[in-house]
Structure formats: structure tokens, C-alpha cells
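Enquirer: coords below, sequence missing:
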DNA sequence: AACGAAACCTGCGCGC
DNA sequence: TGCGCGCAGGTTTCGT
């Protein structure tokens, strides 16, 4: 589900709801998602801050950080004592009688607990590349020069650049006029610069719109993202390109559906 | 270094 | 209505 803009939206929403609240009890309904040891260390801890790195959410407590990855379908909801719904796997009982519920249809989401001092020096955060906002366009170009695989697989590689997923990779490549299967070392300098500069603009626009929704994404307040209305190519196979009117094509790159315009992208 | 396939899960839409 | 298939915004692992 979520890429950087969606996780950013979730982070901001949860910050407004959770800061200052203490976890009093945790119920785990899917054992593989969180161990009892992790849960026990979280009891009595207070939400001090919530951060984000790439697609990871970082809940900052007194002694520990809880690192949450939503993968394809993870979502958070705040509720009172409503019945537990089908795909709610973890319920955090909070000091104001609310419950924070982790909902994940496909159960792919992950939780990692770290001592505060080790959050950024151990997996999963220590191997992440820079976010687009902090990536130097020229450094990105130099990196691409050394890589002999499709540019799309590089944009999706979190070790190289953090936060971009399948939707925004397609949108960024469209904005840079580069086809998804072009080899990274065949990307020109100005195209690499466009990817970073225009990519930042695309991500920021999406954040301002509250994240993308294709089919199932809903933020923790139940607000549906609106960025879908702005997608230029992703999920638009056989539709007309907004720029040139040509038909949007689909190919598989890196095992992922990739949408592009043959006329606008080379 | 790079690729493809499979794995982790569930649900949806489609053609028959 | 039911069945099987392909597909889904992510990531890791394993074999070639």
C-alpha cells in the first residue's frame, strides 16, 4: 500500500492523536507479527514522538523505538471499545481509553523494537539510502552510472533511495521522460537530475493531497487520498496520455507492472 | 552483479 | 453461483 507520501500522512495523523499517551496493554492476535517480549517492553511506555524514514514509521518512546513497516496493506485506526474487526492483528490499549489498532489484510507488515541508541545503526533502518529530498542529483547520477539494470529497479531499491514504490516510480519516470526498462547507466545527467528534482515535487504534491489511493488505501482517520486524480501513467493502461494523447502501455520490470508512454518516454 | 521465481498472506475482478 | 487465474502500493531469500 503505502509509499513515502502515504506513510508521511499516517505519521502526521497519528502524531496528532498519540503523543503523550501511554500504552497500558497490548493484545496480539497474529503471533508472527509481534513477540510477547516486544509487547512487554512497550507496556508503560509513552509516545514521545513519531518519525518516518523512507516507508518506515518510527514510534519514539522513553527507552525504545518501535519501527513499523506497513508493507502492502497495513493501516492504523483509533477506536474505543468497538468489537475487533477481522484484520486487526495488534491492539494497543492507551491511557485515554482509546485503542490503537493495527489492521493488515495480508499480514505482511513488520514490527521491530530497538533501544533508542541502536535504531539507526541496526536493521532495518541502517541500510536505507537517502530520501529523495536529501539526495544530491549529481550523486544520484554518478550512482546510476555504475548500475547495469533497469532504472525502475533502482528507483525501487530502498538501499539506494528510500521511500519510492511502484506508483511513484512510474510517475517519476514519466516526468523525466525515461522508460522504466532503460538501463540505469544509460540515463543521461539531466534526466537523473529531473528524476530527483521532479520526484521531490511529485512526492510533496502527494503529501499535500494526503497520499495516493488506488483501491484500498485509507489513512488512519479514514480519509481517502486524492493523489490518484493526478496520476499521469500508473494504472492507466490503454488510456490516453494526458500530454500527447498516445495510448499508455504496460510492461513488467523487476517483476512489477510498469506503466509508461512510448511517445513521451525514451 | 543481476535476474527470475518463490515466499510471506488475503481479497478482488475477470472469464468461463 | 462457483471456480480458477491473475493481480495488488513491499521486501526477502534462494537458485542460476
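Expert: Arrived safely. No experiment lies behind these values; they were computed from the predicted model shown.

Enquirer: so what's the spatially closest residue to residue A:15 that is not a sequence neighbour up against?
Expert: Leaving aside its sequence neighbours, residue A:15 sits nearest to residue A:50 (Cβ to Cβ, 6 or more residues apart in numbering; 4.8 Å). All C-beta atoms are positioned from the backbone trio N, CA, C, and that covers glycine. Listed by Cβ atoms under 8 Å, 6 or more residues apart in numbering, the contact partners of residue A:50 are A:11, A:14, A:15, A:18, A:19, A:57, A:58, A:59, A:60.

Enquirer: And residue A:61, by the same measure?
Expert: By Cβ under 8 Å, 6+ apart, the contact list for residue A:61 reads A:42, A:45, A:46, A:47, A:48.

Enquirer: Quick check: residues of chain A near DNA strand B?
Expert: A:32, A:86-87, A:105-108, A:147-150, A:153, A:254-255 (Cβ under 7 Å from any atom of the strand).

Enquirer: what's across from residue A:94 in the sheet?
Expert: Here residue A:94 sits in beta bridges with residue A:23, going by DSSP bridges.

Enquirer: Surely it is in contact with residue A:19?
Expert: No. Using Cβ atoms under 8 Å, residue A:94 is not in contact with residue A:19, being 11.3 Å away.

Enquirer: Check the spacing between the most centrally placed residue in chain A and DNA strand B real quick.
Expert: By Cα atoms, centre = their mean, chain A has its centre lying nearest to residue A:3, at 2.5 Å. Residue A:3 sits at a distance of 17 Å from DNA strand B (criterion: Cβ to the nearest atom of the strand, to the nearest Å).

Enquirer: so how far is residue A:41 from that residue?
Expert: Counting by Cβ to Cβ, to the nearest Å, the gap between residue A:3 and residue A:41 amounts to 29 Å.

Enquirer: Likewise for residue A:170?
Expert: As for residue A:170, its distance to residue A:41 is 40 Å (criterion: Cβ to Cβ).

Enquirer: Over to residue A:35?
Expert: Residue A:35 is 10 Å from residue A:41, by Cβ to Cβ.

Enquirer: Same question for residue A:117.
Expert: Distance, residue A:117 to residue A:41, using Cβ to Cβ: 15 Å.

Enquirer: same question, residue A:103
Expert: Distance, residue A:103 to residue A:41, using Cβ to Cβ: 23 Å.

Enquirer: which of these two has more neighbours?
Expert: Regarding residue A:103 and residue A:41, a neighbour count based on other Cβ atoms under 10 Å identifies residue A:103 as having more, with 20 against 16.
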